[in-house]
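A.B. asks: 3D model of this:
(2 chains)
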Amino acid sequence: MLEETAARILERNAQAPILRNAILEAGLLLALAGEDAGGLGVSYREASAIAYRWGQAAAPLPIVEMLVAAPLAVLAGFDATAATYSAGLGVNDLLPSSVPVFDEAQTAFVVTLETSGANLHTGTIGGAAAESLAHEPMAALGASRKIDADPVAVERIAVGGILLQAAEMLGAMSTVIDIATDHANTRQQFGRPLGKFQAIQHMLSDAASERLIAEAAVGAALAGIDRGTATRLDWLAAKAQAARAATVIAANAHQVMGAIGFTDEHHLHRFTKRLWAWRDRWGAQGWCEAEIGRIGCAAGGDGLWSAIVDRAAA
Amino acid sequence: MTAMSLPPHLGDGHDPLAGLDSLRQEVRAFVAEERKAGSITFGQQTWTTFDREFSRRCAERGYIAMTWPREHGGHERSAAERYVVCEELLAAGAPLGSHWIADRQSGPQILRHGTEAVRKSILPRIAAGECTFGIGMSEPDSGSDLSSIRTRAERVDGGYTLHGRKVWTTNAQHADYLIVLCRTEQKGENRYAGLSQFVVPLDDPKVSVRPLVNLAGVHELNEVLFDGNFVPAENLLGEGGDGWKLVTEELGFERSGPDRILSTMGVLTIMAQAAGRNPDRHDAAAIGRLLARVVSIRALSVAISGRLSAGLPVTGMATAMKDMGTTLEQEIPEVARRMLDIVPAATGAPFEAALATAILNAPCFSLRGGTREILKGIIARELGLR
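C.D. replies: I've put the predicted structure just below:
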């Protein structure tokens, strides 16, 4: 349902302000807010369909931030239906230096994630900051204050944001793989389609395998947070793998596409630049990997296997 | 959803392994006992290491033929239960070589395509841990190009006689049977037609087994020669002539399991141990990258096992899992080497020996069960490259 609605809206609207109105009217922006706050109260796995479709279309608007802002606004006692919110994630007790924004954005809800637990802050949208690799408009945080909120609930929403960012990346990966596969099947060199060359086949095979692993990891983590069984290792690994897959897929797709894919004119970069930027948003890849290692070392030789496979009962 | 993609929102969110904690604990208690008794040593190769006594003890606990029907000695447990038992034993480094091939692929192949007589006589013995199988696919002139095999079966009264040579058969020196892929008709225009699979007893003077010692100096691989040995007609699998379909199906079962991720798990454990509880960022990131891979590739393996149980197609996904899983198995010792201040030595202390075993065995991870290059070709086809 959500996915079809998102797809229909994306098909008809390309400009950010119109798109914002359309998703506001359809109720998609409040997908993650509870029904008592006027939202749809859907699971994170269901909401991931919206982020996936967004990534697949390279659509404007920071959809992950907008989706996650709604339940954070509810926690902070704001009116979730205002749709003027962005969001962000910082780690090691540091606020992020900027958040993605859109014309109507006025307030940001920012989570700082600690080794255990999370804090919620709210801030005004400040002046424009350097745009991202994908030319997304970004803004600095203005005056901010810490909100007294249930750290468990805050962490759960932040983890939702991490996984929705990963889902949006999966959507972009699928378009990148489609573009490169289509090119390999149609572009002829040396009298045959590029896809007949084993070197090209292997690059696309690696791209598809990386995506598949990322899909499985993100899928397991999403279902796990919905059930309440996901471990910290599960969602960190999902985001780290999404970032790793993005790197391989973008590199291999550009290699297969050749010079045309390096031009401004060709649309491949609209997807690959987003992938490059999103690798380090909602949990930077380097931070995820180091955190995962710390979890493994804290478990030690005797506890490592258990950390990988054991889950609390749902 | 295509054959090569599993977008999370299109799945059902079900965890195929949920609710099996007590089974895990049971297997861990068994492993702890076996460690104490010395049958599980640190860092050894697991599913190629032959130990029939160990397999018998697995059988006593119902860890072999778990999903098969009771009438054939099985335990009618779920694929998820089998998955849990297998990954616990593999992660611990248990010596599963006496029953692994039979339990993973030969038994299931007989169950699906064998005659009633063969099922009755062989399956209960596999389930009891008394019967070892080897794989009879590759030949001296047919490695990746499997359809070019020359071993042939000639029709005789009551069955067939076999002529030819198979190579790279793990544990053939201990095996009771091989499933042999051979030509039952001359190679025609369709190179995949006219192949058949047979269950071939090795206890026959016209079958000889010769060692092919590997680079680690270990004798696991063998050459098997068939010089006119008789195979009863009832030992044919399938219809005859459909061997290519059967062998492809068999390789599917061979490719997506935890045995394609965990061959060097012991080395990752050493790294987590050696880095200490508070690693520096460099060590944490090095271990984290590998651990993220184990978690993620395992998630795919678990998802595939769920799809197998549901009767959904898995060819492309299983192939991708094996390609990525075996690459990870090879990467682990290479990262460990640079992180740990250990000199790998096959006859050294336990950590040194484990690292040496991993380095020396790593080349075969991406050869056995289909080379990396063959796998990537299959994936490309599944992806729609033409």
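
A.B. asks: Please make it C-alpha for all contacts and neighbour counts, starting now.
C.D. replies: Noted.

A.B. asks: At which residues are the strands of the chain located?
C.D. replies: Since no chain was named, I'll use chain A. A:85-91, A:98-100, A:107-113, A:118-129, A:138-147, A:188-189, A:192-193 (DSSP state E).

A.B. asks: nope, chain B please
C.D. replies: Using DSSP E, strands in chain B cover B:133-136, B:152-156, B:159-166, B:177-183, B:195-201, B:207-212, B:221-232, B:236-237.

A.B. asks: how about those, which one is nearest B:A285?
C.D. replies: strand B:221-232 (37.2 Å; Cα to Cα).

A.B. asks: List of residues touching that closest one?
C.D. replies: B:158-173, B:198-201, B:204-214 (Cα atoms under 8 Å, 6 or more residues apart in numbering or on different chains).

A.B. asks: Then stretch A:114-129?
C.D. replies: In contact with stretch A:114-129 (Cα under 8 Å, 6+ apart) are residues A:91-93, A:98, A:105-113, A:137-149, A:151-152, A:154-155.

A.B. asks: of those residues, buried ones?
C.D. replies: A:91, A:98, A:105-113, A:137-141, A:144, A:149, A:151, A:154-155 (16 or more other Cα atoms under 10 Å in any protein chain shown).

A.B. asks: still on that earlier bit, including mean pLDDT, could the strands of chain A go into TSV?
C.D. replies: Output for the strands of chain A, formatted as TSV (pLDDT from 0 to 100):
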stretch	mean pLDDT
strand A:85-91	96
strand A:98-100	96
strand A:107-113	96
strand A:118-129	96
strand A:138-147	94
strand A:188-189	97
strand A:192-193	97
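
A.B. asks: and those as JSON lines, adding distance to B:V218?
C.D. replies: Formatted as JSON lines, the strands of chain A follow (distance: least, Cα to Cα, whole Å):
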{"stretch": "strand A:85-91", "distance to B:V218": "50"}
{"stretch": "strand A:98-100", "distance to B:V218": "58"}
{"stretch": "strand A:107-113", "distance to B:V218": "50"}
{"stretch": "strand A:118-129", "distance to B:V218": "53"}
{"stretch": "strand A:138-147", "distance to B:V218": "60"}
{"stretch": "strand A:188-189", "distance to B:V218": "47"}
{"stretch": "strand A:192-193", "distance to B:V218": "45"}
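
A.B. asks: So how do I select the buried members of the contacts of strand B:221-232 in PyMOL?
C.D. replies: Paste this into PyMOL to select the buried members of the contacts of strand B:221-232, with burial taken from 16+ other Cα under 10 Å:
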select buried, chain B and resi 160+161+162+163+164+165+166+167+168+169+170+171+172+173+198+199+200+201+207+208+209+211+212
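
A.B. asks: one step back: the strands of chain B into JSON lines, with extra columns for mean pLDDT?
C.D. replies: Listed next are these as JSON lines, based on pLDDT from 0 to 100:
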{"stretch": "strand B:133-136", "mean pLDDT": "98"}
{"stretch": "strand B:152-156", "mean pLDDT": "97"}
{"stretch": "strand B:159-166", "mean pLDDT": "98"}
{"stretch": "strand B:177-183", "mean pLDDT": "98"}
{"stretch": "strand B:195-201", "mean pLDDT": "98"}
{"stretch": "strand B:207-212", "mean pLDDT": "98"}
{"stretch": "strand B:221-232", "mean pLDDT": "98"}
{"stretch": "strand B:236-237", "mean pLDDT": "98"}
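
A.B. asks: Same list (those strands) but as JSON lines, adding distance to A:A70.
C.D. replies: Listed next are the strands of chain B as JSON lines, based on distance: least, Cα to Cα, whole Å:
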{"stretch": "strand B:133-136", "distance to A:A70": "57"}
{"stretch": "strand B:152-156", "distance to A:A70": "69"}
{"stretch": "strand B:159-166", "distance to A:A70": "64"}
{"stretch": "strand B:177-183", "distance to A:A70": "60"}
{"stretch": "strand B:195-201", "distance to A:A70": "60"}
{"stretch": "strand B:207-212", "distance to A:A70": "65"}
{"stretch": "strand B:221-232", "distance to A:A70": "61"}
{"stretch": "strand B:236-237", "distance to A:A70": "60"}
